[in-house]
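Q: Below are the sequence and a predicted model for it; my questions follow.
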Amino acid sequence: MLTSYFTVQTSGNSETVIQKSRFLAYVKRVTTEEEAQAFIEEIKKKHWDASHNCSAYLIGENDLIQKANDDGEPSGTAGVPMLEVLKKRNLKDTCVVVTRYFGGIKLGGGGLIRAYSAACSAGINATGVVERKLSTVCSAVFDYTLLGKIENEVRSSSFLLKEITYEEKVTLTCYVQAGEEESFENWIADLSSGQAETARLGVEYLETEVKLTGKERE
């Protein structure tokens with residue numbers, strides 16, 4: 001599993017007008033090729049009367065699944081430029097469909113490449129980008145007499161508090177960045193003078209929104 005990667009928020013869309021043609025960009029996070037194809041068909045059905053519904057997607061940790069479709073535009077002027085935008089922005093598990101309603105002015109090969117690239121970027125910006133970081137869910141079990149001290153220290157630390165369960169003893173659960181599990185366990189041991197019992201419960205991805213500025217938005 002990747003320790004971290006970038007992808008889009010769940011879904012979003014945008015509209016760009018270039019030389020009187022409308023370019024509607026639809027973006028969705030997908031984890032399988034079946035999801036990507038279903039999304040593309042959904043947009044095609046919605047915009048059955050459009051001039052073109054071009055698409056591109058990247059799926060998998062190592063981008064093993066990647067496809068681009070020009071949907072009737074001159075070869076290499078729509079789907080591939082959109083796919084290149086996804087690669088340039090280091091996005092994974094992302095599908096983009098750009099619907100074009102022709103406005104009567106031909107853009108030429110270079111113009112189409114720029115238009116579809118711009119529409120794809122606009123759609124990604126409107127949807128938003130997140131960084132997903134692999135974290136280990138770690139727990140610490142201890143007596144109530146240690147609750148105040150340990151909770152205060154955890155809340156002011158780099159470890160993200162997930163929950164606190166109050167039973168016979170207190171169970172405090174945190175998200176710990178991959179590779180820092182031992183540091184967390186040693187830290188808890190020091191705080192509790194060895195009285196707390198720690199455990200690793202599994203792994204999850206945590207998402208943080210990425211603020212896009214300047215060239216990141218291109």
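A: Received it, and whenever you're ready, just let me know what you need.
Q: Outline the domain layout of the protein.
A: 4-127, 132-210 (automatic domain parsing).
Q: export those domains to JSON lines and tack on mean neighbour count and mean pLDDT?
A: Glycine gets a C-beta too; all of them are placed from N, C-alpha and C. Formatted as JSON lines, the domains of the chain follow (neighbours: other C-beta atoms under 10 Å; pLDDT from 0 to 100):
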{"stretch": "domain 4-127", "mean neighbour count": "18", "mean pLDDT": "96"}
{"stretch": "domain 132-210", "mean neighbour count": "15", "mean pLDDT": "95"}
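Q: Phi and psi next, for the closest residue to G104 other than its chain neighbours.
A: Spatial nearest neighbour of G104, chain neighbours left out: K20 (5.8 Å); criterion: C-beta to C-beta, 6 or more residues apart in numbering. K20 adopts backbone torsions of phi 70, psi -10, taken as degrees, to the nearest 10.
Q: Could you list which residues are in contact with K20?
A: Residues counted as contacts of K20 (C-beta atoms under 8 Å, 6 or more residues apart in numbering) are 103-105.
Q: Including secondary structure and distance to K211, could those residues go into a markdown table?
A: Listed next are the contacts of K20 as a markdown table, based on DSSP: H, G, I helix; E, B strand; the rest coil; distance: C-beta to C-beta, whole Å:
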| residue | secondary structure | distance to K211 |
| --- | --- | --- |
| G103 | coil | 33 |
| G104 | coil | 38 |
| I105 | coil | 35 |
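Q: ranges for the helices of this structure?
A: All helices of the chain, identified by DSSP state H, fall at 33-46, 79-88, 108-127, 147-155, 181-191.
Q: Identify whichever of these lies nearest to E167.
A: helix 147-155 (12.3 Å; C-beta to C-beta).
Q: State the distance from the residue in the chain sticking out farthest from the centre to A189.
A: Residue farthest from the centre of the chain, counting by C-alpha atoms, centre = their mean, is T145 at 41.0 Å. Taking C-beta to C-beta, to the nearest Å as the measure, T145 falls 16 Å from A189.
Q: Likewise for P81?
A: Distance from P81 to A189, by C-beta to C-beta: 54 Å.
Q: Closest to V96 out of the contacts of K20?
A: G103 (20.8 Å).
Q: Identify the residue nearest that closest one in space, chain neighbours excluded?
A: K20 (2.8 Å).
Q: One more: E185?
A: Using C-beta to C-beta, 6+ apart, the closest residue to E185 is T198 (4.7 Å).
Q: who touches N69 in this structure?
A: 40, 54-56, 78-79.
Q: Ok, H47 next?
A: H47 neighbours (C-beta under 8 Å, 6+ apart): 24, 53, 99.
Q: For the one residue sitting closest to the centre of the chain, name its beta-bridge partners.
A: By C-alpha atoms, centre = their mean, the chain has its centre lying nearest to T7, at 2.4 Å. Under the criterion DSSP bridges, T7 forms beta bridges with V130.
Q: Sounds good, over and out.
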